Each structure stands twice: as structure tokens, then as C-alpha cells.
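J.: Generate coordinates for the sequence data below:
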Amino acid sequence: MQIKEMAERLQITARAIRFYEEKGLISPKKEKHSGYRLFTEADVWRLQTVITLREVGMPIEDIRELLQRLDEEEESLLHYLEIQRSCMYDRWIELSRVIQTTEQMIGRIKQQGRIDPAALFELAEGNKRLRQMRNNWVDRWNFNQIADDYDASINGKKQGFYPYENYELVLREVVTVTAPRRDESGLDAGTGTGNLAKLFREKGVRMSAFDQSPQMLKQCQKKNPGMETKLGSFFAFPYFGGTFDFVVTSFALHHLTDDQKTLALAECKRVLAPEGRLVIADSMFVNEEHRALHIRALLQAGSTEAVAEIEDEYYADRSKLVQHLQQLGFSVEARQLTTYVHLIKAWL
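T.: You can find the predicted model right below:
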């Protein structure tokens, strides 16, 4: 198709298409004799991805880098669509919070007849902080690069600092505590290579899973053929509210800051059905005192590698997680499973 047809199909201007071409985001072929641009279906989906990413605020340079990475990995149109879906959920969640803030403003005005400018500023700033928390997450661990060797790495090291102590037993304990029924549906949040989801599926439970890493999802799909997997983040689960009977997550939350964890827990609640439950197995300390004592003991023992590893992650303060879950309306139980891994069960 030519540029006019492309513009009509995507409801944008030909000028906008030429702009994205100038920026190197699309490269349509040109007819030999006339020099007219000829767009393929691949160009359509690529440009649609660009438009979606621009709508959610991604800079041109970041889009170019993303598309280049996808080209190098020879990703399909399906993956472009998955990126769009993830971005749309992200935008939807952000808009939902903006709507919630606006409703709070309207409610205060109706109740008080006016709203204090300081309170208005507080609500707006709260919204801004949430957006910044969601946007500031960076994959410092290069999950796409380590995906192929991830399972070998967590099962290989047995000496020195080893946060995956009794890894299989921990995952099985998550299944036991969740106590899934065959008629239920569950979500593995931050599934990684899909080890936890696989255990649930072996019990005949219908599972879905998401992860922010396409390469991790590929490994997950190999282990779990036929399971629904989606590209998504802990800040915007790519599912509608009330979808699942239970949410589980293992060895994932310690890649989020404390503030980001609160957003993730709110998302867990959002996608749970009434009386749903959440089970977390992750690296954490009972509280800050427990953390300080443990770090001090490691330093005294000369285990500087262990301290560096811990400080490279965001091991949770379990007491804060429990408190936040209670504020969200959950009943909570928590206990320690291994040196670093604790298990939290929460239910509505």
C-alpha cells in the first residue's frame, strides 16, 4: 500500500509517517520507477507499535533502541502486538489512578464545599510519585541475556552465597500453601522461566503467567506449552480486574524497590476475584533489625561477596509487606523457609 492508504488505515497524517521514517523508525521499500513508498503489513504493525509507544510517552530514541533490539532478535508481528498490549495496560492503569485522584478531588469539594490548595497539590504529587515509581524500574540484571542459562545458574551453585537454597522445595511449598483446586484459575506473576507455573499445571490447575522479559517467556513457553503467557510488568498486570482465584510469585519481588513493591501488591489485589488469595515466596528479612544483624554477621565472617549480592537486590522488609497487605484488606500469615526466603500467604 502507498502512504495515503497507510495514513487512512492508521488514522494519522502522511506527514507523521514521513517524520517516523526520517527518524529511522520505519523503512518502507520504494518503487523503482516512481519512487513511491510501498508499505507492507509488517510496516503497518511496526508503525502501530511506534504510535502506541509514543502515546504512552516513550521517547523516540528509546523506541528506536527497542525496535532495533527486536529486529536483531528477529521477532514476529505477534511480539509487536504483545508490546502494544503491555503498553496499553500500563497506560490504562495509570489513567485509572488519575481518575481515582480526580474522584477524590471531586469528593472533597462536594463534602467541604471547597478544596484546600495544599490538599490538591498533595493528591497531584501523589499521582506523580506513583508514575515516577513505575517508570524508574530498570532491568539491571539483563534477564533477556541470562534467560537461556537461568535454570542452570539457580541449580548449579551450592557453595558460598546461595539465595536459592532448597529452590524446588520452596516452589512446592508455594503450591501446598496455595492449595489450588482444579476448577480455579491462577496467575504466576513475574514467572521467569515458568518453573512455579509448571508445578501448578501438573496438578491440573489452569494457569496464566506474565513477565517483562520476552526471552524468559520463551523458556516458560517451552516448559508450559499451551499456557497463556503475556508480556507485562509488576506495575500493570496485563489482565482485567477480578480475573484470578489466586496469584503466586516467587523470586521476583526482590527486583523492585520497597515503593515499587507496594504498587505490585496493589496490582495483585486488583486482578484477584473476591475471596482470592496471594502467595509470595521471595528473598526478604523479618524486619530492618533482622537485616542489620545478618549483614553485620556476614561482614564479621568476611563474607563481603554475600553482602554485595544482597545490596545489589531489594530484599524486602517482611514486616512492611505484611503491613501493606493488611492495609489493602488482606489477612496475612508469614514465616521463614530458608536463610533468605520467606513465604507470605494473604487472602481477602
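J.: What segments of this structure are strands?
T.: For the chain, applying DSSP state E gives strands covering 29-30, 37-38, 185-189, 206-211, 228-231, 244-250, 272-285, 316-317, 331-336, 341-347.
J.: Save these as a markdown table, and put in mean pLDDT too.
T.: What follows is those, written out as a markdown table (pLDDT from 0 to 100):
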| stretch | mean pLDDT |
| --- | --- |
| strand 29-30 | 84 |
| strand 37-38 | 84 |
| strand 185-189 | 98 |
| strand 206-211 | 96 |
| strand 228-231 | 93 |
| strand 244-250 | 98 |
| strand 272-285 | 97 |
| strand 316-317 | 96 |
| strand 331-336 | 98 |
| strand 341-347 | 98 |
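J.: Please name whichever of those is nearest to Phe161.
T.: Of all the strands of the chain, strand 272-285 sits nearest to Phe161, with 11.3 Å by Cβ to Cβ. From N, CA and C alone the C-beta is placed, and that goes for glycine too.
J.: Mind listing what's buried along that closest one?
T.: The neighbour-count check on strand 272-285 (16 or more other Cβ atoms under 10 Å) flags Leu272, Gly276, Arg277, Leu278, Val279, Ile280, Ala281, Asp282, Ser283, Met284, Phe285 as buried.
J.: closest to Leu66 among these?
T.: For the buried residues of strand 272-285, the residue nearest Leu66 by Cβ to Cβ is Asp282; the value is 28.5 Å.
J.: Report the beta-bridge partner residues of the closest one.
T.: Asp282 forms beta bridges with His342, as assigned by DSSP bridges.
J.: re earlier: put together a markdown table for the strands of the chain, with distance to Glu103 on each row.
T.: As requested, the strands of the chain are exported to a markdown table (distance: least, Cβ to Cβ, whole Å):
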| stretch | distance to Glu103 |
| --- | --- |
| strand 29-30 | 50 |
| strand 37-38 | 46 |
| strand 185-189 | 27 |
| strand 206-211 | 28 |
| strand 228-231 | 29 |
| strand 244-250 | 26 |
| strand 272-285 | 22 |
| strand 316-317 | 31 |
| strand 331-336 | 27 |
| strand 341-347 | 26 |
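J.: which residues touch Phe161?
T.: When contacts are counted by Cβ atoms under 8 Å, 6 or more residues apart in numbering, Phe161 touches Ser303, Glu305, Ala306, Glu309.
J.: could you redo the last one with a cut-off of 6 Å?
T.: Glu305, Ala306, Glu309 (Cβ atoms under 6 Å, 6 or more residues apart in numbering).
J.: what's around the second one, how many residues?
T.: This means Ala306. 21 (other Cβ atoms under 10 Å).
J.: What's the separation between the closest residue to it other than its chain neighbours and Ala189?
T.: Residue nearest to Ala306 in three dimensions, not counting chain neighbours: Phe161, with 3.9 Å by Cβ to Cβ, 6 or more residues apart in numbering. Counting by Cβ to Cβ, to the nearest Å, the gap between Phe161 and Ala189 amounts to 26 Å.
J.: same thing with Glu289?
T.: From Glu289 across to Ala189, the span is 29 Å (Cβ to Cβ).
J.: Same check on Arg108?
T.: The spacing between Arg108 and Ala189, counted by Cβ to Cβ, is 34 Å.
J.: ok so, going back, compare Glu289 and Ala189 (neighbour count), which wins?
T.: Using other Cβ under 10 Å, the more surrounded residue of Glu289 and Ala189 is Ala189, with 28 against 11.
J.: Any idea what that one is bridged to?
T.: Going by DSSP bridges, Ala189 is paired in beta bridges with Phe210.
J.: so where is the stretch 151-300 of the chain shaky, pLDDT-wise?
T.: Applying pLDDT under 70 to the stretch 151-300 of the chain flags residues 156-159.
J.: quick one, helices of it?
T.: Per DSSP state H, counting those that start in this stretch, the stretch 151-300 of the chain carries helices over the ranges 167-178, 195-201, 214-223, 258-271, 288-300.
J.: okay, the angle between the longest one and strand 272-285?
T.: Computed with axes from the mean of the first three to the mean of the last three Cα atoms, to 10 degrees, the direction of helix 258-271 lies at 150 degrees from that of strand 272-285.
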